[in-house]
Structure formats: C-alpha cells, structure tokens
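Student: take this sequence and fold it.
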Amino acid sequence: MTLNVGIIGLGVGEKHIDGFEKNEKCKVVSICDQNPQKLREVSNRNPSKKCFLNSEELINDPKLDVISIATYDNSHSKLIEKAVNNGKHVFVEKPLCTSRSEYETICNLLVRNPKVKLSSNLILRKTPRFIELRKKIKKGDLGNPYYIEGDYDYGRINKIIDGWRGEIPNYSVMHGGGIHLIDLISWLIDKKVKEVFAYGTKIATEKSKFNSNDTIVALLKFEDGILAKICANFPSVTPHFHRLLVYGTSGTFQQTHGSCIFMNSRDAEALPEKIIDPYPATQKGDLIPSFVNSILQSSNPAISKQEVCDVMAISLAIEESIKTGSKIIVEYKNT
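Tutor: Predicted coordinates for the structure are as follows:
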C-alpha cells in the first residue's frame, strides 16, 4: 500500500514534502497554493508534483489518501471538513480552527468518521530535552509539579504588522503560537486543564494594521490543582524562543534565553545540572513520519486527534476569557 498525499499551502507546507516522503510507502503527488507565483516556485523545485490553484479540486481527487493543510489559520476548519467528508486523513498546522463553532463541527465530524486519522504539527513534543524532562517528571525526579511557566517569545513583530496575520480577521497569537506551550505543558505533566483566566494587550502594535492582541497572558488551573502561566508574546525584542520553568516539590527545570538547567537542591552553593543539547532541535516535518505510520499500521500518531482537539479547546477558552473578563471552565468534546 502506498499513501498518496496532497499538500495545501506552500509556505511551511513545502517542508511537509520531505516529512511525508521519508517513508517509502508515502508519496506527495499533488501540491496547491492560491498564489500562482508561490505554486510555480515550489513546482520548479518539485517537478513531479501535480499542481492546483484550487484546494477543493485537490481534495476531491479520489486518488489521494491524505491531505496536509498549511494555509492561513482562518481557512483550516473548512479544509478539514472537506477532507474528512471525502474520507481523507488530515495533517494540519496549528491551530485546528479559530472558533468554538468550528471546533464543535470538527469534533462531531471526527466522531462520525472514526477511521479518519487527524494530527497536528505541535512540534515541541519532539524536542529531546523536553522528552527527557517528561521522563524525569514521570520518574518523580521533580517530586510533584505544582507551578509551570511557559513563554512563547515570537520575536518577529514584522510578521504580524506586515504579513498575513494582520490581514485576516480575529487572528489569535494564542492559537497561532502560544498553543505550542499549552500542548507542551499538558503533555509534560499528563493532566487536563480545568479552567483558565486571561488578559490580552496590543501596546506594541497599537498604531499598525494588526487589529488583535499582540500579547496574551493566561493562567491555567489543572484538574489536580497544578497552576500554569502561559504567555504568547509576539512583539518580544528577543530571538524566537520558548522559555519554560517547571517547579516541583523536589526539583526545578529552567529553560531561559542562554541557559537550561535542572536543580534538585535549595542550597545556594549547589551546582545545577546543565543541559547542553542544541535548542531548537526540531524541524517542521518531524511529526509527519509518526502520522504516516499511524495510518499504515492502524495505530495512534504521536499526537492523537483527541489531544489536538483538547489543546484547541483550552486555547479557545483563553480567548473567551479575554472577551468576557471572566474565568472560563474548559469544555472538551470527545472525538
């Protein structure tokens, strides 16, 4: 069996080609972008691929088994619906969708199509140091985690002032960036978020065409009382980076700009364990081989469709909290 793949959106989506074709039983046969120049450029680098300007025509191709979606955030939901209704497996860049109604539609659709695989490119899970941190937490090296901080320092203000993020309605820096930290923290401690409270601001982009909050700070309370703070900070005057602090009753993990350490002593003279592996250490297509194998072997991908939907529910609750000024109980739906 060979899986035939179509890719929609050829910015980040071009990097999906190698991810899919790492498996000899998988072939990218079609590519699509609404920008003719972009489509032509990528086609020149990949001359064997069939080209489409219209995504619906690609999705309707009965020869395709998998659709990979890497378009603007506000187009994901409709493309997922069309793909699943055509019986295609779906790999989608985050976010899954941008509204609660879209979220419920997708979840209901997945329930009605249980054989369809869906996963998303929440790539921080593939980072070696975070994999090791999860092992430490599970072994009890940190004791009981009780407070976690995650900052998504985007460091690319020009992309929200001058790029497409400022052109689509209701762009969310939490859906588009901070969601990586929501997923990472939930995965590290293997717990579900119960409720959220959040604030947003757009001081840094106030005089630009970007009409959404450029920075969001959210407080998360997990089901067993663990607290977390997540910040999606798009205008940060920093390199692109993910700051992470995990505090446990017996140890602390700290990843900040310039250092990464693990501490298991309150003694000021005790030397911390330095973590020196490269960071970042992942590529955009690193989760795709697991997704391909899940289809070929009828197993779960590294990130299941339920996990993708759960993380989206949390991010949507954060945006709702900003709009209402209230604490929001996260409402999950089964897939």
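Student: show residues contacting the worst-scoring helix or strand of the chain on mean pLDDT.
Tutor: Within the chain, no helix or strand scores below helix 157-161, which has a mean of 91 by mean pLDDT, DSSP states H and E. With contacts defined as Cβ atoms under 8 Å, 6 or more residues apart in numbering, helix 157-161 is touched by 154, 165-166, 171, 173, 204-205, 208-210, 214, 234-235. From N, CA and C alone the C-beta is placed, and that goes for glycine too.
Student: C-terminal to that helix, what's the next element?
Tutor: As assigned by DSSP states H and E, the chain's next helix or strand after helix 157-161 is helix 173.
Student: count the neighbours of residue 220 for me.
Tutor: 26 (other Cβ atoms under 10 Å).
Student: I figured it hits residue 230, correct?
Tutor: Yes. The criterion here is Cβ atoms under 8 Å, and residue 220 meets it with residue 230 at 6.5 Å.
Student: show me what contacts residue 27?
Tutor: By Cβ under 8 Å, 6+ apart, the neighbours of residue 27 are 2, 3, 4, 5, 20, 21.
Student: hmm, I typed the wrong one, I wanted residue 296.
Tutor: If you count contacts by Cβ under 8 Å, 6+ apart, then residue 296 has 1, 3, 23, 25 around it.
Student: report the two of the residues you listed separated the most.
Tutor: 1 and 23 (11.2 Å; Cβ to Cβ).
Student: which of the two has more neighbours?
Tutor: residue 23 (17 against 7).
Student: next, count neighbours for the residue nearest to that one when sequence neighbours are not counted.
Tutor: In space, and not counting its chain neighbours, residue 23 is closest to residue 292: 4.8 Å by Cβ to Cβ, 6 or more residues apart in numbering. Around residue 292 there are 24 other residues, counting by other Cβ under 10 Å.
Student: quick check: next helix or strand after the lengthiest helix in the chain?
Tutor: In the chain, with assignment by DSSP state H, the single longest helix is helix 305-324. Counting by DSSP H and E, the next helix or strand C-terminal to helix 305-324 is strand 328-329.
Student: mean confidence for that next one?
Tutor: On average, the pLDDT along strand 328-329 is 98.
Student: same check on stretch 117-137?
Tutor: pLDDT averaged over stretch 117-137 gives 96.
Student: coming back round to it: what sits against the residue nearest to residue 23?
Tutor: Applying Cβ under 8 Å, 6+ apart, the residues contacting residue 292 are 3, 20, 22, 23, 25, 26, 66.
Student: so how far is residue 4 from it?
Tutor: As judged by Cβ to Cβ, to the nearest Å, residue 292 and residue 4 stand 12 Å apart.
Student: the helices in the chain, which residues?
Tutor: 14-21, 36-45, 55-59, 76-85, 100-112, 128-139, 157-161, 173, 179-189, 288-296, 305-324.
Student: nearest to residue 279, out of the ones you listed?
Tutor: helix 128-139 (6.5 Å).
Student: which parts of that closest one are buried?
Tutor: By neighbour count with 16 or more other Cβ atoms under 10 Å, helix 128-139 contains the buried residues 129, 130, 133, 134, 136, 137.
Student: related to what we said a few turns ago, for residue 231, see how far away the residue nearest to residue 23 is.
Tutor: 34 Å.
Student: cool, and residue 186?
Tutor: 16 Å.
Student: ok, now residue 216?
Tutor: Distance of residue 216 to residue 231, given as Cβ to Cβ: 7 Å.
Student: contact partners for the residue of the chain positioned farthest from its centre?
Tutor: No residue in the chain sits farther from the centre than residue 269, which is 38.8 Å out by Cα atoms, centre = their mean. When the contact criterion is Cβ under 8 Å, 6+ apart, residue 269 has no partners at all.
Student: can you give me the pLDDT of it?
Tutor: Here, the pLDDT recorded for residue 269 equals 92.
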